[in-house]
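>>> after the sequence you'll find the predicted model.
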Amino acid sequence: MRAAVLDIGGTSIKSGVWDGQQLTEVKERDTQAKAGASHVVSQALEILKSYLPFDCVGISTAGQVNSEEGYIRYANDNIPGYTGTRLKDIMAAEFGVPAAVENDVNAAALGEAVWGAGRNHEDFLCLTYGTGVGGAIIIGKRIYSGSMFSAGEFGGIVVHPESFIEGQPFSGCYEKYASTTALVAEALKYDRNLTSGRKIFARFEEDQVHAIIDRWIDEIVHGLVTVIHIFNPSCVILGGGVMEQPYILEQVREKTAGRIMDSFRNVELKTAALGNQAGLMGAAWLAAEQMKKT
């Protein structure tokens with residue numbers, strides 16, 4: 001089997017080929033998202049053509065995805081005009097092979113389920129911390145997608161109801177406080193040079209910066225306490241580049257254990273194992289499954 005796989009994000013499009021054993025021919029290019037959906041799709045097709053021939057296509061993508069029909073149910077303005085894009089149909093028409101399309105966090109969670117940090121767990125939760133907070137629910141090594149393919153929107157947990165603003169969805173919600181974007185926003189109030197998570201942790205030893213990080217970790221824990229008590233999972237996988245900082249996992253584990261009931265403390269908190277290839281590997285698994293069906 002030769003599966004061509006894409007991971008379409010707002011910043012970059014990652015790609016590669018899965019041969020059933022490993023991911024090869026990995027490439028990355030700028031999404032040029034502001035040029036709009038048509039341009040992004042043209043780029044995707046150009047990339048895939050460079051991998052011909054192949055037996056199937058797997059796509060991990062930003063946005064809410066109807067994974068049965070393979071189209072974008074909703075996407076924000078990071079990729080203008082992306083809502084409604086029928087990626088599965090476009091791939092089938094262009095290449096005549098089976099295609100699978102899934103939300104990027106769901107695809108990454110499937111990659112972790114099969115080959116990564118979740119491989120020894122039938123059921124687990126996955127939360128990713130970056131521009132926003134993404135989530136996925138794995139049950140029996142499969143995505144639980146809810147009634148409209150959007151389950152796992154953990155960024156919408158209300159953690160600060162006092163900050164709710166009428167007409168502004170997600171105001172007062174987890175994403176606004178626990179994302180890397182939120183960490184950077186707080187750090188910028190202290191020093192306008194702290195424009196990224198990397199720059200913030202480079203100055204970790206400064207008392208003020210350390211305090212900002214600790215307050216942000218508290219926000220992460222607020223949401224984890226909620227989902228652990230709702231789902232009673234055996235494992236929660238934490239993804240996103242910032243989670244590679246050992247201090248974060250250490251503190252999240254310690255603080256979470258102190259705030260959940262004793263009967264829930266079997267839960268393992270792990271960082272994702274596959275890094276930025278998780279979405280590609282999840283897309284590869286989905287493409288192979290789609291090929292079996294057809």
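Arrived safely. Numbering: from 1, shown residues only.

>>> mind giving me the packing neighbours of the helix or strand containing E102?
Using DSSP states H and E, E102 maps to strand 99-103. Packing partners of strand 99-103 (3 or more Cβ pairs under 8 Å, 6 or more residues apart in numbering; DSSP states H and E): strand 56-61, strand 64-66, helix 87-95, helix 278-293. For the C-beta atoms, the positions are set from N, CA and C on the backbone; glycine is no exception.

>>> what's the most buried one of these?
strand 56-61 (a mean of 29; mean count of other Cβ atoms under 10 Å).

>>> average pLDDT for that strand?
For strand 56-61, the mean per-residue pLDDT is 98.

>>> can you tell me what sits against it?
Applying Cβ atoms under 8 Å, 6 or more residues apart in numbering, the contact partners of strand 56-61 are 1, 3-9, 18, 44, 48, 72, 87, 91, 95, 97-104, 107-108, 279-280, 282-288, 290-291.

>>> please repeat the previous calculation with a cut-off of 6 Å.
Here strand 56-61 makes contact (Cβ atoms under 6 Å, 6 or more residues apart in numbering) with 3-8, 87, 91, 97-102, 104, 107, 279, 283-284, 286-287, 291.

>>> distance between it and the chain's centre?
Counting by Cα atoms, centre = their mean, to the nearest Å, strand 56-61 is centred 15 Å from the centre of its parent chain.

>>> so who does S179 touch?
Counted by Cβ under 6 Å, 6+ apart, S179 has contacts Y129, G132, V133.

>>> mind listing the strands for the chain?
Remark: strands assigned in the chain by DSSP state E are 3-8, 12-18, 23-30, 56-61, 64-66, 71-74, 99-103, 124-129, 133-139, 142-143, 235-239, 268-271.

>>> next, count neighbours for the nearest residue to D214 once chain neighbours are set aside.
Take D214 and drop its neighbours on the chain: the residue closest to it by Cβ to Cβ, 6 or more residues apart in numbering is Q251, 7.3 Å away. When neighbours are defined as other Cβ atoms under 10 Å, Q251 has 17 of them.

>>> quick check: pLDDT value at Q251.
Per-residue pLDDT puts Q251 at 98.

>>> what's the answer for T131, then?
For T131, the pLDDT comes out at 88.

>>> so it touches T181, yeah?
Yes - T131 is in contact with T181 according to Cβ atoms under 6 Å; the separation is 5.4 Å.

>>> identify each buried residue in stretch 10-21, please.
Going by neighbour count (16 or more other Cβ atoms under 10 Å), the buried part of stretch 10-21 is G10, I13, K14, S15, G16, V17, W18.

>>> any idea how far the closest residue to the first one other than its chain neighbours is from A62?
In other words, G10. Excluding the flanking residues, the one nearest G10 by Cβ to Cβ, 6+ apart is N78, at 3.9 Å. Using Cβ to Cβ, to the nearest Å, we find N78 at a distance of 7 Å from A62.

>>> which one's more surrounded, the two?
Set N78 next to A62 and count neighbours by other Cβ under 10 Å: A62 wins out with 25 against 15.

>>> quick one: that one from E68, how far?
Taking Cβ to Cβ, one finds A62 at 19 Å from E68.

>>> likewise for V101?
V101 sits 10 Å away from E68 when distances are taken as Cβ to Cβ.

>>> so if I had to pick from these two, which one is more boxed in?
Between V101 and E68, counting by other Cβ under 10 Å, V101 is the more crowded of the two (32 against 10).

>>> run through the bridge partners of the more buried one.
I59 (DSSP bridges).

>>> for it, what are its contacts?
With Cβ under 6 Å, 6+ apart, V101 has these contacts: I59, V65, G70, L87, K88.

>>> relative to V225, how far out is the closest residue to S67 other than its chain neighbours?
Nearest non-adjacent residue to S67, counting by Cβ to Cβ, 6+ apart: E102, 5.0 Å away. Distance of E102 to V225, computed by Cβ to Cβ: 28 Å.

>>> same question for S145.
Separation of S145 from V225 (Cβ to Cβ): 24 Å.

>>> ditto for M1
Taken as Cβ to Cβ, the span from M1 to V225 is 42 Å.
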